[in-house]
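Peer 1: Here's a sequence, model it:
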Amino acid sequence: MGVRDVVDAGSGSRDGVVTDSVRAVLGSVPVVPGARRWWVESIPQGFELHGEVGGTAHDVPGTRETRIAVGAGLFAAHLAVAARGTRPVTTLLPRSARPGLLAVVRRGDERPPTPVERTLHVALRGGAGRAPAPVPVLRRFLRLAADAEGTWLRSAVGNGGRTTPRGLLVDAPDARTDVPDEVLLVLLAAARDLPLCQLRAGRAFERVLLTASVLGHVARVLAGPGGLDPTPRALRSAGVDPAVTPYLLLSVAPRG
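Peer 2: The predicted structure is shown next:
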């Protein structure tokens with residue numbers, strides 16, 4: 001289970017924007033299965049996100065999951081900064097002697113939030129969504145949410161016919177009939193398995209969750225990278241491009 005801690009580096013005081021952002025990171029980001037410890041440190045006019053990771057995806061168990069979790073926190077922080085009328089200036093994987101420094105967010109110029117940022121921030125703060133949107137509408141907006149973060153998305157309703165992303169689950173590859181017809185399965189993947197792709201997948205993860213909430217649905221994680229079969233054969237059987245790297249499998253159902 002991932003752990004989130006706040007550590008104030010003491011190099012700068014927290015203003016309202018930074019405080020709101022840290023609260024957004026800690027209060028709303030769901031746990032990514034297998035993620036290791038990650039945390040937030042204050043800096044002048046902003047903050048840093050750190051995680052227990054290795055230099056590559058394979059150095060430390062849970063490295064992929066940790067970067068995905070940090071990416072989700074990063075998008076929550078982006079919304080909190082934007083909602084205060086400030087443009088978030090984000091640097092991913094800055095050059096540093098500290099391999100665990102994954103992102104830096106600083107306050108930019110004054111700028112009103114976009115309509116999308118404003119809407120997603122309401123969902124981030126627990127605002128009620130509308131009545132559940134029809135599945136075709138839901139699928140279209142979830143795809144747009146993933147596209148906005150440079151992440152690949154495939155979705156299928158229930159068993160999805162002959163192929164379904166549920167077939168990628170390592171622990172239960174044949175449990176396809178257990179998915180109710182009204183549940184939408186959503187697979188988030190990337191074209192390459194790189195640290196930057198993992199952070200972007202985390203941002204897409206949070207954006208997809210909030211978009212689903214706005215549309216009257218609830219998303220939950222079925223599996224992270226460690227629970228999915230990334231082999232080309234498994235991907236083809238699930239109707240997925242065999243060239244992608246699967247990161248997260250989500251279930252999305254109407255809010256009860």
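Peer 1: Quick one: classify Leu138 as helix, strand or coil.
Peer 2: Three-state call for Leu138 (DSSP: H, G, I helix; E, B strand; the rest coil): helix.
Peer 1: How about Ser251?
Peer 2: With three-state DSSP as the basis, Ser251 sits in strand.
Peer 1: partner residues bridging it?
Peer 2: Leu185, Arg220 (DSSP bridges).
Peer 1: where are the low-confidence patches of the stretch 101-250 of the chain?
Peer 2: Across the stretch 101-250 of the chain, the ranges flagged by pLDDT under 70 are 128-129, 158-163, 171-182.
Peer 1: which stretches of it form strands?
Peer 2: For the stretch 101-250 of the chain, the strands defined by DSSP state E, counting those that start in this stretch cover 101-110, 152-157, 184-190, 217-223, 245-254.
Peer 1: tell me the most buried of those?
Peer 2: strand 184-190 (a mean of 25; mean count of other Cβ atoms under 10 Å). All C-beta atoms are positioned from the backbone trio N, CA, C, and that covers glycine.
Peer 1: Export the strands of the stretch 101-250 of the chain as CSV, with columns for distance to Val208.
Peer 2: Below are the strands of the stretch 101-250 of the chain laid out as CSV (distance: least, Cβ to Cβ, whole Å):
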stretch, distance to Val208
strand 101-110, 19
strand 152-157, 7
strand 184-190, 7
strand 217-223, 7
strand 245-254, 7
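Peer 1: Ok, which of those strands comes nearest Arg130?
Peer 2: Closest approach to Arg130 among those (Cβ to Cβ): strand 217-223, 10.1 Å.
Peer 1: by contact count, what packs against the closest one?
Peer 2: Applying 3 or more Cβ pairs under 8 Å, 6 or more residues apart in numbering; DSSP states H and E, one finds that strand 217-223 contacts strand 184-190, helix 195-214, strand 245-254.
Peer 1: before we move on, back to that, so which of the strands of the stretch 101-250 of the chain is nearest Arg233?
Peer 2: Nearest to Arg233 among the strands of the stretch 101-250 of the chain is strand 245-254 (13.1 Å), distances taken as Cβ to Cβ.
Peer 1: The closest one to strand 184-190, inter-axis angle?
Peer 2: Angle, strand 245-254 to strand 184-190, by axes from the mean of the first three to the mean of the last three Cα atoms, to 10 degrees: 160 degrees.
Peer 1: Tell me who's in contact with the closest residue to Gly108 other than its chain neighbours.
Peer 2: Nearest non-adjacent residue to Gly108, counting by Cβ to Cβ, 6 or more residues apart in numbering: Arg87, 3.5 Å away. Contact analysis of Arg87 by Cβ atoms under 8 Å, 6 or more residues apart in numbering lists 81, 107-111.
Peer 1: All good on my end, thank you.
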